[in-house]
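>>> quick one, structure for this:
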Amino acid sequence: MELSTTSLFRGISEEDIASLLHCLGAAQKRYKKGSLLLAEGTTTEHVGMVLSGRVLLQYTDVWGTSSVLGSAGPGDVFGEAYACCPDEPLQISALATEETTVLLLNVNRVIHVCPHSCTFHTTLIQNLLSVCAHKNLELSRRMLHTTPKTIRGRLLSYFSECVKLSKSNTFTLPYNRQQLADYLGVDRSALCSELSKMQKDGLVQYHRNHFEICQAEELPFL
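Have a look, this model is predicted:
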């Protein structure tokens, strides 16, 4: 994966990125499936970028009930809000759902320009601000998906977003069934039952995480 194609390093050449990473003291770290990258209650000064694998972001209440807030795949950034508030304990945890490699950047070195005042460093700061803004929009979208009272309503809301983002009526979800249930705030068994009903009703076809919306061919945004 070329870092210049990611949202954080957009507009910076691969050559300048190499210099930038050296200046920032960036480090790569590998995590096994199931490993905690960030633990709730701790603090962090690092922004993480997924180079390979996937990271699940979740919140767990005092009764042990987990809610999935989102996930980060290759090229995605996580932990940026807490890294910018290093004294704020994490209210979430970050878990590797498969073998994952992450690029770690110390946020203090990111937001404070070095004496050389490289133009591409300024671009990096602007990109980080843009990433933070998009993360806020993602949380807003999750709130929209959990607003409907029925499980079918929540699924249709989420699937609608997937169709719009992929510009296709076929897409692959980043979550397994339990993670999808946690993301939408519903019971897993009830979600699986509703998916079966939706397939029987001709609304969707699916195999594992690959979905097809059967009545989306005439949608104007395709």
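
>>> how about low-confidence regions in the protein?
114-117, 215-222 (pLDDT under 70).

>>> tell me the gap between the longest helix anywhere in it and the middle of its chain.
The longest helix of the chain (DSSP state H) is helix 119-145. Relative to its chain's centre, helix 119-145 lies at 11 Å (C-alpha atoms, centre = their mean, to the nearest Å).

>>> buried set for that helix?
Within helix 119-145, the residues that qualify as buried are 120-121, 123-124, 127-128, 131, 135, 142, 145, counting by 16 or more other C-beta atoms under 10 Å. No exception for glycine: its C-beta is placed from N, CA and C like everyone else's.

>>> other residues contacting whichever helix or strand comes after it?
Using DSSP states H and E, the helix or strand that directly follows helix 119-145 along the chain is helix 151-166. Residues outside helix 151-166 that contact it (C-beta atoms under 8 Å, 6 or more residues apart in numbering): 141, 144-148, 169, 171, 173, 183-186, 190-191, 194-195, 197-198, 203-204, 211, 213, 216, 219, 221-222.

>>> give me the ChimeraX select line for those, limited to the buried ones.
Buried members of the contacts of helix 151-166 can be picked out in ChimeraX with the line below, counting by 16+ other C-beta under 10 Å:
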select :145,146,169,171,173,183,184,186,191,194,195,198,203,204,211,213,216
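
>>> would you map the helices across the chain?
14-24, 80-83, 107-111, 119-145, 151-166, 177-184, 188-200.

>>> Ala96: which of the ones you listed is closest?
With respect to Ala96, and counting by C-beta to C-beta, the nearest of these is helix 177-184 at 13.1 Å.

>>> quick one, that closest one and helix 119-145 angle?
In terms of direction (axes from the mean of the first three to the mean of the last three C-alpha atoms, to 10 degrees), helix 177-184 departs from helix 119-145 by 90 degrees.

>>> what is helix 177-184 packed up against?
Packed against helix 177-184 by the contact rule (3 or more C-beta pairs under 8 Å, 6 or more residues apart in numbering; DSSP states H and E) you find strand 66-72, helix 119-145, helix 151-166, helix 188-200.

>>> JSON lines for those, including distance to Asn106?
Rendered in JSON lines, the data for these read as follows (distance: least, C-beta to C-beta, whole Å):
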{"stretch": "strand 66-72", "distance to Asn106": "18"}
{"stretch": "helix 119-145", "distance to Asn106": "12"}
{"stretch": "helix 151-166", "distance to Asn106": "31"}
{"stretch": "helix 188-200", "distance to Asn106": "38"}
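
>>> can you give the contact residues for stretch 55-74?
Residues contacting stretch 55-74 (C-beta under 8 Å, 6+ apart): 1, 37, 40, 48, 50-54, 76, 78, 91-97, 100, 102, 138-139, 142, 174-175, 179-180, 182-183, 185.

>>> now stretch 176-185
Stretch 176-185 is touched from outside by 56, 58, 66-71, 97, 142, 145-146, 151, 154-155, 158, 173, 175, 187-188, 190-192, 209, with contacts defined as C-beta under 8 Å, 6+ apart.
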